[in-house]
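K.L.:
Quick one: sequence and predicted model below, then my questions.
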Amino acid sequence: MLQPPVFTRRQSIAAAVSIGGAIGISPLMQSIAAVAAEASADDQRHCVLLWMSGGPSQIDTFDMKPKHNNGGSFKEISTAAPGLRFSEHLPGLAAQADRLAILRGMSTKEGDHERGTTVMRTGHAIGGPVRYPAIGCSLSKSLRNPASKLPHYVTIAPGPFARSSLSPGFLGPKFAATSVSASGPPGNDSFAPLRVDHLQPHPMVDAPRFERRLALWESMQSTFLQTRGTPNVVAHDTVYRSAIDMLGSDAKDAFDLTEESEVVRQAYGRGTFGQGCLMARRLIERGVPLVEVTLGDGLGWDTHANNFDQVKQLSEQLDAGWSTLMTELADRGLLEKTTILWAGEFGRTPAINSNGGRDHFPQAFSCVLAGGGIAGGQAYGATSADGMEVTDGKINQHDLLATLCAALGVDPASENIAEGGRPIAISEGSPIRQVLL
Amino acid sequence: MKRLLFVHTALAVLCLFADVARCDQVTGDRFVDPSAAIDRYLAESWRQASIEPSARSGDAEFCRRVWLDLAGVAPPVWRLRTFLADPAPDKRDRLIDSLLESTRFANHMADRWNAFLLPAETAEQNRQNAAELQTWLRQQFLKNTPYDHLVGRFLTAGGKSDRGPAIFYTSRNLEPVKLAAATSRLFLGVQLECAQCHDHPYARWTQDDFWSFAAFFAQLRLSDSDMRGGGQAIEDRSGTEVLFPESDRVMSPRYPGASSPPEADPTDFRRRQLTIWLASRNNPYFARAAANRVWAHLFGRGIVDPVDAMDSSHPPSHPELLQFLADYLVEQRFDLRALYRVVANSDAYQRSSETRDATRPPADSFAAMNIKTLSASQYFDSLRQNVLMGGQNAGGTQMARTEFLRRMDAADADSTDFPHGVVQVLGMMNGPEMLAATAEQQSGLIASMDAPFFDDADRIEMLFLACLSRPPTDDERHQFLAYLNEETQQSAASRLSDLTWILLNTAECFVCP
């Protein structure tokens, strides 16, 4: 088991003083910097999952077939990595292609949205005897920083579909993702609103009143614990105190995007995905190990009809959010500690159907790894000229998740204990060494 | 005299093996006072381990416990007041009896079994069919169907009339392997599926045992004719077989550990064949597993723990006690209520969970009551009954309940764990049900305190009875009075709202004492 790093108070204060002193920033900024330093110091690793709900088209994004009828109408562009080419609608990512490893040989057996989502997120099919946790839950458990006041796993706008694939399974609800919901569509001039459920006390309960409540609550709790301090009672108290700590700390400001400038918010894109990527950056700065951002609420990538208009529009959101996230993380020295996985439940048929759409295709599709621990600027694996089959570097979901673990410095074979005392590895696959640094 | 005693005992022993129907007159000495027998087994184990048991619970603690355990909800305030005021020495026995006879008991048991039988996601995605199973179970518990019959009916269910159980089979895609694993866990307390891939390292199960057991479920089909009208039905049709993995060997159905095949069934209805052995007193696991589950329900952990791994790597903490409870269940012809009654009437069940000194007896000694975390439905239903009190419309409350259960879902969590994290706790503190419970306009409890004949001390007592099922201590009364009378801008009602919030968020409110 990988032990999460532990920080002493003295270390983090020292870090904060040196940062504040060097740049001469305000006390408020200093306290934010302290939180950031505390959390991101030393070995804290982060993971960003970019989840493409509905199943993104590989041929129109990262595995172009411009010389074939299946290729469709999009043009190819060259990228920062010699020989590697993307869709014309991903210019920002093309400029940072040296940070990306494209896995073109993904292949699974699940062509159904819900089952495919479960397979890709947990590594396992629905309905076995073991309730496998989502990879985000397992990884956030391995990467968590016990000193952090923020949740270990935040999922942004996960959408209503296949929520059980996000379940912590046998790890238990303690390791469930904190969900940020997107309420309502963005207006023309505003940004997509993102909100954490139940983060604020009710409006009429102001801070002094909340404090008064807590003081008496505290007294009730400690009296009860004195004579009935069984493990479940102590755990209740511990979890409540961490929730109260979070409510009372600056850490929760991570969720408040209005602190960012108009320019920065604009660069990420105004939609849910773009603003979600911005929130991901703010969470990572404050030490959150795992953030997931979903693009395509309600199966947006499920382009059975009118594929090209939809993929163009989705690609623009994807490109702005993802590429700005990498730039900003790199500026802060955080990209090398942050591994990004781009994936959906499956790919889409190379053949274009009569509605100008593409259908479900789990046989041969692409996923992308980027950032920390990843040898970027390459495509691993290849599909045939028509895109119908994997001709080289065929991998399945187990290998993909194992590679993600390895890039994060987590041994995929490290075990958690399932119901009935059975040890279960985080991932049963083998990491692909060629894409790891 | 001696001889008489001998004959008596011999008959009692015979009873265990003979048809129980013929033994009505001769219930052995062993079962004269079963609750006292439970306490003797435990006392002996405490003596050997030099454990000092906790004191007898107070009436309020007992009342909250027995209501939450048997009715699935905290006592309503007026029932609690009546109970506390009742001077009769047999009031605990009477309360246990009346709860066991109530529809609440049947509902709560149906809730519990529904959770055992269905994976959480299934219940969520397939509400209609899950509700049918719930209804089916509730009917069984309402009629107090003997447990062996209940399981028998469950395992042979099919056709329109008993569609309820079908979801147990369909949620496991009618796969013999999954059904064999689930039924052995649930009804035998054994994880037979560990022998699916290799002979079980701890128990004496072999791969052959597992695959022959799975063969009882080889012929399940979804019945097309019943697909209309919402519910699903299943039936058995001969033709398909289970093969031993990576071989052509057809597995014929066989009871685990038995060397010969079961007696033939006239219509080759394999699930009925299985039931004849599984739900019978000749099956050494069945009654033990059932008794252990009853014990785990009331004490927060089984005599064998976990309850679905009763193999040699999990020895019972009190083997003779477990055997006694199992024998008693058989002797009572699998009358679950009877078993609940004698366990709830034991001194052990009525001990306090409070321990004064720093050393608490181990949880598996049962020398102090274990503190059980409430399930999401126990918490919500108590909140609805004692605090919301119909202050909202019924439909809205039902929606809030569904949402709360979804948010707090903790399938398979042990009642001696606290399974929730920061996400759930934020919801507890700031969620919609807490708003409703503490909003002056919506909370029935706060509204009810407007009555002119209430003084502040009455109001505080009422809050404690409603939220924690006990009156406040003197210290607490002073603290709460001080809160109500502090110099601030807050209105009186908003102070009551604060006090309600405080009590509802304490650990005490989230446990069964």
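P.N.:
Sure, I can see it. Worth saying up front: this structure is predicted, and the values here are computed from it rather than measured. Numbers count the residues shown, from 1 in each chain, chains lettered A, B, ... in the order given.

K.L.:
Please tell me I have it right and B:H314 contacts B:D305.
P.N.:
Yes. Counting by CB atoms under 8 Å, B:H314 does reach B:D305; the two are 6.7 Å apart. The way it works is simple: take the backbone N, C-alpha and C, and place the C-beta from them, glycine included.

K.L.:
Between these two, tell me which one has more neighbours.
P.N.:
Using other CB atoms under 10 Å in any protein chain shown, the more surrounded residue of B:H314 and B:D305 is B:D305, with 21 against 18.

K.L.:
which residues touch A:S57?
P.N.:
A:301, A:303, A:307, A:311, A:347-348, A:358 (CB atoms under 8 Å, 6 or more residues apart in numbering or on different chains).

K.L.:
I'd like to know how far it sits from A:V119.
P.N.:
Applying CB to CB, to the nearest Å, the value for A:S57 to A:V119 is 19 Å.

K.L.:
If we ignore the residues flanking it in sequence, what's nearest B:T506?
P.N.:
Nearest residue to B:T506, sequence neighbours excluded (CB to CB, 6 or more residues apart in numbering or on different chains): A:M220, at 4.9 Å.

K.L.:
Identify, from the contacts of A:S57, the entry nearest to chain B.
P.N.:
A:W301 (22.5 Å; CB to the nearest CB).

K.L.:
Now the most centrally placed residue in chain B: which helix or strand?
P.N.:
Central residue of chain B (CA atoms, centre = their mean): B:H297, 4.5 Å from the mean position. Assessed by DSSP states H and E, B:H297 sits inside helix B:286-299.

K.L.:
From the contact counts, what lies against the helix or strand just after that helix?
P.N.:
Heading C-terminal from helix B:286-299, the first helix or strand you meet, by DSSP H and E, is helix B:319-331. Using 3 or more CB pairs under 8 Å, 6 or more residues apart in numbering or on different chains; DSSP states H and E, the elements in contact with helix B:319-331 are helix B:2-17, helix B:34-49, helix B:286-299, helix B:336-344.

K.L.:
which of those is buried the deepest?
P.N.:
Comparing the helices and strands packed on helix B:319-331 by mean neighbour count (mean count of other CB atoms under 10 Å in any protein chain shown), helix B:286-299 ranks first with a mean of 23.

K.L.:
does chain A sit close to that one?
P.N.:
No. Counting by CB under 8 Å from any CB of the partner chain, chain A has no neighbours in helix B:286-299; the shortest distance is 12.8 Å.

K.L.:
what comes into contact with the helix or strand hosting the residue nearest to B:T506?
P.N.:
Using DSSP H and E, A:M220 sits in helix A:207-228. Helix A:207-228 is contacted by residues A:201, A:205, A:233-234, A:237, A:240, A:244, B:353-356, B:371, B:475-476, B:479-480, B:483, B:486, B:488, B:490, B:494, B:498-499, B:501-503, B:505-508, B:511, B:513 when judged by CB under 8 Å, 6+ apart.

K.L.:
ok, now with 6 Å
P.N.:
Helix A:207-228 is contacted from outside by A:201, A:237, B:354, B:371, B:498, B:501-502, B:506-508, using CB atoms under 6 Å, 6 or more residues apart in numbering or on different chains.

K.L.:
Check pLDDT for the residues you listed and point me to the minimum.
P.N.:
Note: of these, the lowest pLDDT belongs to A:P201, at 82.

K.L.:
and the gap between that residue and B:I446?
P.N.:
For A:P201, the distance to B:I446 equals 17 Å [CB to CB].

K.L.:
Neighbour count: the two, which is higher?
P.N.:
Just comparing A:P201 and B:I446: by other CB under 10 Å the higher neighbour count belongs to B:I446, 24 against 18.

K.L.:
Local confidence estimate at that one?
P.N.:
90.

K.L.:
Just to be sure, it is in a helix?
P.N.:
Yes. The assignment for B:I446 is a helix, going by DSSP: H, G, I helix; E, B strand; the rest coil.

K.L.:
who touches A:A364 in this structure?
P.N.:
Residues near A:A364 by CB under 6 Å, 6+ apart: A:107, A:383, A:389-390.

K.L.:
Could you identify which of those has the most neighbours?
P.N.:
In these, the most neighbours by other CB under 10 Å go to A:T383, 27 neighbours.

K.L.:
Leaving out sequence neighbours, find the closest residue to that one.
P.N.:
A:A364 (4.9 Å).

K.L.:
A helix includes A:S366, no?
P.N.:
No. The assignment for A:S366, made by three-state DSSP, is strand rather than a helix.

K.L.:
Tell me how many other residues crowd it.
P.N.:
Neighbour count of A:S366, defined by other CB under 10 Å: 23.

K.L.:
One more: B:N485?
P.N.:
There are 11 residues near B:N485, going by other CB under 10 Å.

K.L.:
Grab the nearest non-local neighbour of residue 190.
P.N.:
Picked chain A for this. A:R270 (7.5 Å).

K.L.:
try again with chain B
P.N.:
Ranked by CB to CB, 6+ apart and with sequence neighbours excluded, the top spatial neighbour of B:V190 is B:S184, at 5.0 Å.

K.L.:
How about B:Q140?
P.N.:
Counting by CB to CB, 6+ apart, B:L150 is the residue found nearest to B:Q140 once chain neighbours are left out, at 4.9 Å.
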